[in-house]
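In: Task: produce atomic coordinates for the following.
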Amino acid sequence: MGLMRKIRTGSRIVPFMIANRICAAVAKVKPNRVLFASDVRAELGGNLKFVYDYLPQKFDKVVDLKEDRRYRRSLAAYFKLAYYLATAKYILLEDFLDYTAFMKLREGQQICQLWHGAGAYKKFAFSRQANMGEQIKIHTGYKRYAKAIVSAEPIRSCYAEAFSIPLERVKATGIPRTDIFFQRDYIDAKRRELRQRYPILQGKKVILFAPTYRGTQIRDAAYDFKKLDLAYLYQQLHQEYVFLFKWHPAAYNNLKAQEIAAYDLSVYPDFYLDVSECRDINDLLLITDTLITDYSSVIFEYLLTNKPIIYYVHDLDEYEGGRGLYFPFSDYVYGDVVKTLPELVDSIRRENLAPEQRTAFCERFMKECDGKSTEKTCDWLFGFVDSKLKK
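Out: Numbering: from 1, shown residues only. Purely as a prediction, here's the structure:
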């Protein structure tokens, strides 16, 4: 970490630590207070929202959100977060929040990690220690998690390793936000809503391109945009399909910060559409006919749609050896694997569902995502033992 970055971090963390400890000295932990906190979203969504909506009114639900880690909080916002972290019994996260490493963790408080992605694909947190070296040591907040959830029993050990916590702190409850894939009324309503919002979708099959980012740090997140030839794909596919871009939030935030666009899509207004402003991808999956991705955790939730998936992995050897995967890449495949654009076009037209691979993938990675994940998660986090406690 460079000197200037250390100074910037210190100027942010030291006032927070002082405020947090003052709050801890004068205010008690509120046994019914639940804090929903994120440094990477502007509005409540994902797993946090599903748990928020499920909890009964007897809980004191408070929310503290910031759209991008690079944005600085105001002084008042620092004090607000410091107070909530000092007084909430339950602190719910869906990504890393570095303030949890510097807060005073009081008796009875529980930091619970709902993690934004299902499954276990790219190595993260302490699982990357061999790759990241010294940098990972600052993330001691991971070790403070009292509870974490995963989407299937066989991958509990991956999350225990990533967070450096005992295995018994990780439970396979399923992922709350996947419950929508089992709600027919929600699916039909969301499809109508999105097709009305985006008229380009009418009468066409929908291709969603949703890769993960390249780079070892969020601030470096990017994608090699040269790997897609817009003119070629348009010529091959535009009569039957529309092509949606959904960049990873980290890469998209970097594009916005630099005030640049990945592509000029105005030349093909009837075919291409960037929907990256949609923070949560699951609603988009409901209108997707074919997903193109690579090493993104979207592969786990997309399984529940029972639609074709294509892995466009032009840099597979480099990625497997660099970032690192929990299991061999072949274990994650339940569709076609392609490395060139002609292969990609052929695969789109083929619509391969790979049923045997899908079944094996579900057993290993998504078995607990059954439409009741929010209920099971809340039972695990808050100790609900019967319906009376939820009233």
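
In: how many neighbours does Leu286 have?
Out: Neighbour count for Leu286, taken as other Cβ atoms under 10 Å: 19. Where you see a C-beta, it was placed from the backbone N, CA and C, and this is true even at glycine.

In: ok, now which ones touch it?
Out: Leu286 makes contact with Ile180, Phe181, Ile187, Lys190, Arg191, Leu194, Thr305, according to Cβ atoms under 8 Å, 6 or more residues apart in numbering.

In: same thing but 10 Å
Out: Applying Cβ atoms under 10 Å, 6 or more residues apart in numbering, we find Leu286 in contact with 180-181, 186-191, 193-194, 206, 305, 307.

In: Could I get the full set of strands for the stretch 251-391 of the chain?
Out: Listed in chain order, the strands of the stretch 251-391 of the chain (DSSP state E, counting those that start in this stretch) span 272-274, 290-293, 309-312, 336-338.

In: And the first one, what does it pack against?
Out: Helices and strands touching strand 272-274, by 3 or more Cβ pairs under 10 Å, 6 or more residues apart in numbering; DSSP states H and E, are strand 205-209, helix 230-237, strand 241-245.

In: and Leu316, which of the ones you listed is closest to it?
Out: Nearest of those to Leu316, taken as Cβ to Cβ: strand 205-209 at 17.1 Å.

In: follow-up on the earlier one: give me the subset of the contacts of Leu286 lying in strands.
Out: Val206 (DSSP state E).

In: which among the contacts of Leu286 gets closest to Leu81?
Out: Of those, the one sitting nearest to Leu81 (Cβ to Cβ) turns out to be Ile180, at 29.6 Å.

In: Can you tell me how far that closest one is from Leu92?
Out: Separation of Ile180 from Leu92 (Cβ to Cβ, to the nearest Å) stands at 19 Å.

In: Tell me which residues touch the residue positioned nearest the centre of the chain, please.
Out: By Cα atoms, centre = their mean, the chain has its centre lying nearest to His116, at 3.2 Å. By Cβ under 10 Å, 6+ apart, the contact set of His116 is 38, 40-41, 45-48, 93-95, 175, 177, 249, 280, 297.

In: Kindly report the same for Arg191.
Out: Leu201, Asp283, Leu286, Ile287.

In: top of the residues you listed by neighbour count?
Out: Among those, Ile287 has the most neighbours (other Cβ under 10 Å), with 21 neighbours.

In: quick one: pLDDT of that residue?
Out: If you check Ile287, the pLDDT there is 97.

In: my guess is it contacts Leu194, does it?
Out: Yes: Ile287 is within contact range of Leu194, at 5.1 Å (criterion: Cβ atoms under 10 Å).

In: on that earlier part again, show me the contacts for the residue nearest to the residue nearest to the centre of the chain when sequence neighbours are not counted.
Out: In space, and not counting its chain neighbours, His116 is closest to Glu94: 4.6 Å by Cβ to Cβ, 6 or more residues apart in numbering. Glu94 makes contact with 36-38, 40-41, 45-49, 51, 112-117, 176-177, according to Cβ under 10 Å, 6+ apart.

In: what about Glu94, distance to Glu67?
Out: 14 Å.

In: where are the low-confidence patches of the stretch 101-250 of the chain?
Out: Residues of the stretch 101-250 of the chain that meet the criterion pLDDT under 70 lie in 130-138, 213-224, 249-250.

In: and if we set it to 50?
Out: Filtered on pLDDT under 50, the stretch 101-250 of the chain yields the residue ranges 134, 136-138.

In: Which stretches in it count as helices?
Out: Using DSSP state H, counting those that start in this stretch, the helices of the stretch 101-250 of the chain run over 129-132, 156-163, 184-197, 230-237, 249-258.

In: which one of the ones you listed is the most hemmed in?
Out: Mean neighbours per residue, mean count of other Cβ atoms under 10 Å, is largest over the helices of the stretch 101-250 of the chain for helix 156-163, with a mean of 20.

In: Tell me which residues touch the closest residue to Ala360 other than its chain neighbours, please.
Out: Nearest residue to Ala360, sequence neighbours excluded (Cβ to Cβ, 6+ apart): Tyr334, at 7.9 Å. By Cβ under 10 Å, 6+ apart, the residues touching Tyr334 are 299, 302-303, 308-309, 311, 352-362, 365.

In: Quick check on these: which are buried?
Out: By neighbour count, with 16 or more other Cβ atoms under 10 Å, the contacts of Tyr334 hold Ile299, Tyr302, Leu303, Pro308, Ile309, Tyr311, Gln357, Arg358, Phe361, Cys362, Phe365 as buried.

In: how far away is the fourth one from Gly117?
Out: In this case it means Pro308. Distance check for Pro308 against Gly117: by Cβ to Cβ, it reads 21 Å.

In: So in terms of bridging, what pairs with the closest residue to Arg350 other than its chain neighbours?
Out: Spatial nearest neighbour of Arg350, excluding adjacent residues (Cβ to Cβ, 6+ apart): Asp336 at 6.9 Å. With DSSP bridges applied, the residues forming beta bridges to Asp336 are Ile310.

In: does Asp336 really touch Thr293, like I thought?
Out: No: the criterion here is Cβ under 10 Å, and Asp336 misses it with Thr293 at 11.8 Å.

In: Kindly point out which residues are neighbours of both of these two.
Out: Counting by Cβ under 10 Å, 6+ apart, the common neighbours of Asp336 and Thr293 are Ile309, Ile310, Tyr311, Tyr312.
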